[in-house]
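Peer 1: pasting the structure only:
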């Protein structure tokens, strides 16, 4: 195998090691971003759904996910083979491009992790934790892995056959998480009190901290996707910064015009929307393109988050409004703003490339969204019919933190220096049994 | 004796406390409260969705005084808590039968 003879480039390897750690940090960042947006009674459960995704997806990825996504194509561009199941045949000397294969596999793993965690925003406050533990591995293998193969795998039909572009994951990460979130919350049904009770974010500073960590990690996500320490990584890095900024400003502008107040949640959401949209396009568009992509996402997504109230689906933390819509905006705009100096061939509408690239992007968007929605809907229905997807009414009312995890996040409203009024130490033998 | 209860804006608490000290009131109890009067709370906006928040944060100040001092105390509290804007609060007084100082067992006005 010719690749085995190659040696890794130390500069590229060093950068990708750092980038991989940055992308992994996005998931705890997302946990805080989401955790701050839910009510006090379910914040720990929200954090747990992200953290447990790290563990579940890692196990599944090492067992079979990597091989099915990035192994040699086994079925007409649709899925990879099982040659590297359990990471077999891959050691410290294996090289992919200019970096160790094991590092490439880990970098890609962190993408799968954050995508799974993103989906949890649609099911906040009401999903059974046990059901989530079953959903994540099944979903990762049946939804994330095939789409990753289509886009980035050797022989994948979207990149190599169709010719649509996706630099850092608009299709497998953003559109897949958004479409999956929509399917899941449709099966799950709205939270108790949806559209009646105020379900305000319980901790906006936590949301801002999470958004900041996400943004920090996003540099690894996008610039790391150049898979080398080079000029393309630098361009993707700058595009990422630019689009996050215009996304933030775009969202605030809409809020000021529409509601009369520029809010912190709007600033965090706008930055994330801009970052979502630049994810697929950061390696294809010029800096001008990146500024427009971010701005468009900030404006469009700030309107899209209100769809759930009009269309009556409870996408609790706006996975659809921010990730699906932002992902579609960014993926389509590649067809408008792609420049040859970045892509090495493809050109968008604005640079004389005609409608060709836009058409390819549209096909990829529609197929991926429909696939992710359909398969996730099937998995969710199956879980619902067997073990049940939704927490009991009592658990939802009391809060999942106490009923599922036997913990509470804060000691609010208690007397005596933060200790509960009637607290006492439970003897060792006497175990606390969570309700249900 | 009278129990005087005042529900006021939290940021007026220091003013009210100072006014009561100047009058020679020895002790008071402060607790956090929430509620609404005619103004019915305020509106908050999250991602474009507006929420009507009915219950506004307030502080409740309670003080027990002799009958003869009650009017002066009420006046002082009202003056100190007054901003002229909506949501300034309410003050009311109730008769008190008995007061006991826990440390000494003294009763009535001596316990104040």
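Peer 2: Here it is on my side, so go on. Please read all numbers here as calculations on a predicted model, not as lab measurements.

Peer 1: what about residue 104, neighbour count?
Peer 2: Going with chain A. If you count neighbours by other CB atoms under 10 Å in any protein chain shown, residue A:104 ends up with 23. Just so you know, the C-beta spots here come from the backbone N, C-alpha and C atoms, and that holds for glycine as well.

Peer 1: should've been chain B
Peer 2: Neighbour number of residue B:104 under other CB under 10 Å is 9.

Peer 1: OK, contacts around residue A:317?
Peer 2: Neighbour list for residue A:317: A:34, A:37, A:38, A:121, A:122, A:124 [criterion: CB atoms under 8 Å, 6 or more residues apart in numbering or on different chains].

Peer 1: which elements pack onto the helix or strand where residue A:216 lies?
Peer 2: In this structure, residue A:216 sits in helix A:204-224 according to DSSP states H and E. For helix A:204-224, the packing partners by 3 or more CB pairs under 8 Å, 6 or more residues apart in numbering or on different chains; DSSP states H and E come out as helix A:10-37, helix A:101-119, helix A:231-259, helix A:264-281.

Peer 1: most tightly surrounded among these?
Peer 2: helix A:264-281 (a mean of 30; mean count of other CB atoms under 10 Å in any protein chain shown).

Peer 1: and that helix with helix A:204-224, angle?
Peer 2: Put simply, helix A:264-281 runs at 10 degrees to helix A:204-224, going by axes from the mean of the first three to the mean of the last three CA atoms, to 10 degrees.

Peer 1: bridged to the residue in chain B positioned nearest to chain A, which residues?
Peer 2: Going by CB to the nearest CB, chain A is nearest to residue B:51 of chain B, at 3.9 Å. Note on residue B:51: beta-bridge partners by DSSP bridges are residue B:44.

Peer 1: and the helix holding residue A:216, which residues are buried?
Peer 2: If you call a residue buried by 16 or more other CB atoms under 10 Å in any protein chain shown, then helix A:204-224 has these buried ones: A:204, A:206-211, A:213-215, A:217-224.

Peer 1: state the mean pLDDT of it.
Peer 2: Helix A:204-224 shows a mean pLDDT of 98.

Peer 1: just to revisit the earlier point, with the contacts of residue A:317 in mind, which one is nearest to residue A:23?
Peer 2: Each of the contacts of residue A:317 was scored against residue A:23 by CB to CB, and residue A:34 proved nearest at 17.2 Å.

Peer 1: now the closest one: how far from residue A:117?
Peer 2: As judged by CB to CB, to the nearest Å, residue A:34 and residue A:117 stand 8 Å apart.

Peer 1: shared neighbours, these two?
Peer 2: Between them, residue A:34 and residue A:117 share these contacting residues under CB under 8 Å, 6+ apart: A:49, A:50.

Peer 1: so what pLDDT did the residue nearest to residue B:2 when sequence neighbours are not counted get?
Peer 2: Distance criterion CB to CB, 6 or more residues apart in numbering or on different chains; nearest residue to residue B:2, sequence neighbours excluded, is residue B:70 at 4.2 Å. Per-residue confidence at residue B:70 stands at 96 (pLDDT).

Peer 1: number of residues surrounding residue B:70?
Peer 2: 18.

Peer 1: ok, residue 23 - contacts?
Peer 2: I went with chain A, as the question did not name one. A:107, A:110, A:111, A:114, A:217, A:220, A:221, A:224.

Peer 1: actually it's chain B I care about, not the one you picked
Peer 2: Residues in contact with residue B:23 (CB under 8 Å, 6+ apart) are B:69, B:72, B:73, B:76.

Peer 1: scan those and report the most crowded one.
Peer 2: For the contacts of residue B:23, neighbours tallied by other CB under 10 Å; top is residue B:73, 24 neighbours.

Peer 1: quick one, phi/psi of residue B:35?
Peer 2: Main-chain dihedrals, residue B:35, degrees, to the nearest 10: phi 180, psi -170.
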